[in-house]
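Asker: What follows is a predicted structure for the sequence shown.
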Amino acid sequence: MELYLPIAEMPINVLTVLAVSAAVGFISGMFGIGGGFMMTPLLIFMGVPPAIAVATGSAQIAASSTTGTLAYWRRQALDVRLGLLLLCGGMIGTVLGVWAFGALRRIGQLDLVIVLSYVTLLFSVGGLMLIESVKTLIAKRRGQSAPGAQRVHKPWYFKLPFSMQFSQSNLEASIIPLLVLALLIGFVGAILGIGGGFLMVPALIYFFRVPTAVVVGTSLFQILFTMLAATILHAATNQAVDIMLAMVLILGGVFGAQFGARAARNVRGDWFRLMLAVLILTIGARFSLDILVPPQEPYSFGTQETRR
């Protein structure tokens, strides 16, 4: 069953896209990530132009984050105060990111930036998380304290001005590093079509020591609104959102996110981080193949439309 995409100007198999979006939605609900770091590369692998994949993927991320956020809200596993603070920084970053997206597209460098940024981010974040997770599991197996567990002093960035307390997350720190973190992730998310959860979740866990049980729902809360804004801005300024593709992605993503949120209840925190690290590295490895492996047809012929 095929559906023609008017903006991407290509047909897609509806059942295949539904299955992929449902799987990404499941992972999104389970790990508290928007899923864009998987959905955008998968759409590109299917032949969707990178600019369309980035902009349209934002709609699917917003939809799957909605159902995931509601699930964690009902379980009272969401720090609304922290989420609103992150949202403020994320919105500013999203606006700047959409502007940069349009500028890169106009000068013809957007596709290159997307590919290189994905490979760099996925391997960097996934590698650091994998090393930390393995060290923690080995230490627990030996009956030792987990790395960093004995630290009692607050990092220097906790002591910056404008301190705020977040009781749900058992956190008291300056809002400055939190706003900067959210702004950077919002900027990157708008350019790459990712919710930024695979960056936000590890950052809140390792740098701000937010409990795993709370960080997932809080991340989804912030992702919901930043990706909704990114979708509207991409549609209004770049005309890169394919509505037909977005509807198929949303249908599958919403369905999968509910089951993912339920599955997360049975996952231990240390294994949670290990699985997320392996997932990130796997996507990075698959994405890098397009760069390292030479194409089967290095030359192609076609007509170029002349400008009038």
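Answerer: Nice, thanks for sending it over. None of the values given here were measured: they were computed from a predicted structure.

Asker: Please make it C-alpha for all contacts and neighbour counts, starting now.
Answerer: Will do.

Asker: For stretch 156-168, list every residue counted as buried.
Answerer: Buried residues in stretch 156-168, counted by 16 or more other C-alpha atoms under 10 Å: 158, 168.

Asker: Flag the shaky bits of the stretch 51-200 of the chain, pLDDT-wise.
Answerer: Counting by pLDDT under 70, the stretch 51-200 of the chain shows low-confidence ranges at 64, 111, 144-153, 193-195.

Asker: switch to 50 and redo it
Answerer: 148-151 (pLDDT under 50).

Asker: Would you map the strands across it?
Answerer: All strands of the stretch 51-200 of the chain, identified by DSSP state E, counting those that start in this stretch, fall at 163-166, 171-174.

Asker: okay, these in CSV with distance to residue 133 next?
Answerer: What follows is those, written out as CSV (distance: least, C-alpha to C-alpha, whole Å):
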stretch, distance to residue 133
strand 163-166, 26
strand 171-174, 22
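
Asker: To residue 128, which of these lies closest?
Answerer: Closest of those to residue 128 is strand 171-174, at 23.2 Å (criterion: C-alpha to C-alpha).

Asker: between the strands of the stretch 51-200 of the chain, which one is nearest to residue 227?
Answerer: strand 163-166 (24.0 Å).

Asker: picking that back up, nearest to residue 91, of the strands of the stretch 51-200 of the chain?
Answerer: That would be strand 171-174 among the strands of the stretch 51-200 of the chain, by C-alpha to C-alpha, at 19.1 Å.

Asker: and that closest one, how far from the chain's centre?
Answerer: With C-alpha atoms, centre = their mean, to the nearest Å as the basis, strand 171-174 stands 24 Å off its chain's centre.

Asker: Identify, by residue count, the longest helix of the protein.
Answerer: Among the segments of the chain that qualify as a helix by DSSP state H, the longest is helix 110-141.

Asker: tell me which residues of that one are tucked away?
Answerer: Neighbour counts over helix 110-141 (16+ other C-alpha under 10 Å) mark 110, 114-115, 118-119, 121-123, 125-127, 129-130, 132-133, 136-137 as buried.

Asker: Point out the other helices and strands that it packs with.
Answerer: Packing partners of helix 110-141 (3 or more C-alpha pairs under 8 Å, 6 or more residues apart in numbering; DSSP states H and E): helix 50-74, helix 80-106, helix 175-192, helix 269-292.

Asker: so who does residue 81 touch?
Answerer: Residues near residue 81 by C-alpha atoms under 8 Å, 6 or more residues apart in numbering: residue 166.

Asker: For it, give its distance to residue 166.
Answerer: According to C-alpha to C-alpha, to the nearest Å, residue 81 and residue 166 sit 7 Å apart.

Asker: And residue 207, by the same measure?
Answerer: In terms of C-alpha to C-alpha, residue 207 sits 15 Å off from residue 166.

Asker: ditto for residue 288
Answerer: With C-alpha to C-alpha as the criterion, residue 288 and residue 166 are 39 Å apart.

Asker: Cool, thanks, talk later.
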